[in-house]
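Peer 1: Here's a sequence, model it:
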Amino acid sequence: MIKGVIFDMDGLMFDTERVWATLWAPALKQFGMDTVPEGLDEAARGAAGENLRAVIRRYCGENIDAQAVYELLVKLGNEAFRSGVEKKPGLDALLAWLSAQGVPMAVASSSPEQTIRRNLETSGTAKYFPVVVAGNHIRNSKPDPEIFLLAAQKIGVAPGECLVLEDSYNGVRAGHAGGFITVMVPDILPPDDEMRRTYTACCASLDEVLELLKAGRLG
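Peer 2: Got it, this is the predicted structure:
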């Protein structure tokens, strides 16, 4: 039985991943790079802290100031989402149903806390999430399960009774590694063979997640 739900944010709750993908080019241009290395955006998705800095160095060269690149990327993102974010289909209905059932919820995102809270406020979803765990709250980012384990601890639910909703490969890996009921809701990348071996289930949308929960088919 599902006793708690942890939401990823970018690409799962909000249609923001495509915007983030466009920000690498202007960010890297300020560091003398005219092209975005192939695979950088995919590898960086869901990463934070030293994991993200390592990804940036791996794709852009060991001598690049990875922290400065990250800070500029966040600045550009904050400017892009200043006027609000687009909610993914089915988000409102899923949140309302879980709230009516008394199911505790958390957001666990690799984005900075300030970015997460602003997006929750502008989208009108902040009221559902007394618990927010951000990339700057943890030492090891996805695919390490630390962020989900901390979120589960904060809402008082054991991983085996907690649903993790994710769109990214790194997020699914983290949910599985932490022993969570892990459902992938693909955004940019479709599930591959590794994902199919890793997730508990795959849903085309948050509407489908709600259908499975109502039918008691998760957990």
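
Peer 1: Only C-alpha atoms from now on, for both contacts and neighbour counts.
Peer 2: OK.

Peer 1: which one's the longest helix in the chain?
Peer 2: helix 66-80 (DSSP state H).

Peer 1: Please read off the pLDDT at residue 110 from the model.
Peer 2: Listed pLDDT for residue 110 reads 89.

Peer 1: How about the contacts made by it?
Peer 2: 46-48, 134-136, 141-142 (C-alpha atoms under 8 Å, 6 or more residues apart in numbering).

Peer 1: What separation is there between residue 28 and residue 115?
Peer 2: 21 Å (C-alpha to C-alpha, to the nearest Å).

Peer 1: Mind checking which of the two has more residues around it?
Peer 2: The neighbour count for residue 28 versus residue 115, taken as other C-alpha atoms under 10 Å, is higher for residue 28 (20 against 17).

Peer 1: is it true that residue 201 touches residue 183?
Peer 2: Yes - using C-alpha atoms under 8 Å, residue 201 is in contact with residue 183, at 4.9 Å.

Peer 1: Between those two, which has more neighbouring residues?
Peer 2: Shown here are residue 201 and residue 183; by other C-alpha under 10 Å, residue 183 has more neighbours (23 against 18).

Peer 1: in a helix, that's where the more buried one is, yeah?
Peer 2: No - Residue 183: not assigned to a helix; according to DSSP: H, G, I helix; E, B strand; the rest coil it is strand.

Peer 1: can you give me the strands for this structure?
Peer 2: Assigned by DSSP state E, the chain shows strands spanning 4-7, 105-108, 131-133, 162-166, 181-184, 201-202.

Peer 1: can I get the ones you listed in TSV with distance to residue 35?
Peer 2: What follows is the strands of the chain, written out as TSV (distance: least, C-alpha to C-alpha, whole Å):
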stretch	distance to residue 35
strand 4-7	32
strand 105-108	31
strand 131-133	33
strand 162-166	29
strand 181-184	30
strand 201-202	34
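
Peer 1: Tell me which of those sits most buried.
Peer 2: strand 162-166 (a mean of 29; mean count of other C-alpha atoms under 10 Å).

Peer 1: partner strands of that strand, parallel or antiparallel?
Peer 2: If you go by DSSP bridges, strand 162-166 pairs up with strand 4-7 (parallel), strand 181-184 (parallel).

Peer 1: Looking at these, which is nearest to residue 81?
Peer 2: With respect to residue 81, and counting by C-alpha to C-alpha, the nearest of these is strand 4-7 at 19.1 Å.

Peer 1: average pLDDT across that closest one?
Peer 2: For strand 4-7, mean pLDDT is 98.

Peer 1: For that strand, give me every contacting residue.
Peer 2: 13, 103-109, 148, 151-152, 155, 157, 161-166.

Peer 1: can I get the CA coordinates of that strand in PDB?
Peer 2: What follows is strand 4-7, C-alpha atoms only, in PDB (Å, rounded to 0.1, in the frame of the first residue of the first chain):
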ATOM      1  CA  GLY A   4       3.600   8.500   0.700                       C
ATOM      2  CA  VAL A   5       4.600  10.000  -2.600                       C
ATOM      3  CA  ILE A   6       7.800  11.700  -3.700                       C
ATOM      4  CA  PHE A   7       7.700  13.900  -6.800                       C
END
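
Peer 1: ok now it, how far from the chain's centre?
Peer 2: Its chain's C-alpha centre and that of strand 4-7 lie 12 Å apart, by C-alpha atoms, centre = their mean, to the nearest Å.

Peer 1: Going forward, the N-terminal residue is numbered 16.
Peer 2: New numbering, starting at 16: the last item is strand 19-22.

Peer 1: domain ranges for this protein?
Peer 2: 19-31+99-229, 32-95 (automatic domain parsing).
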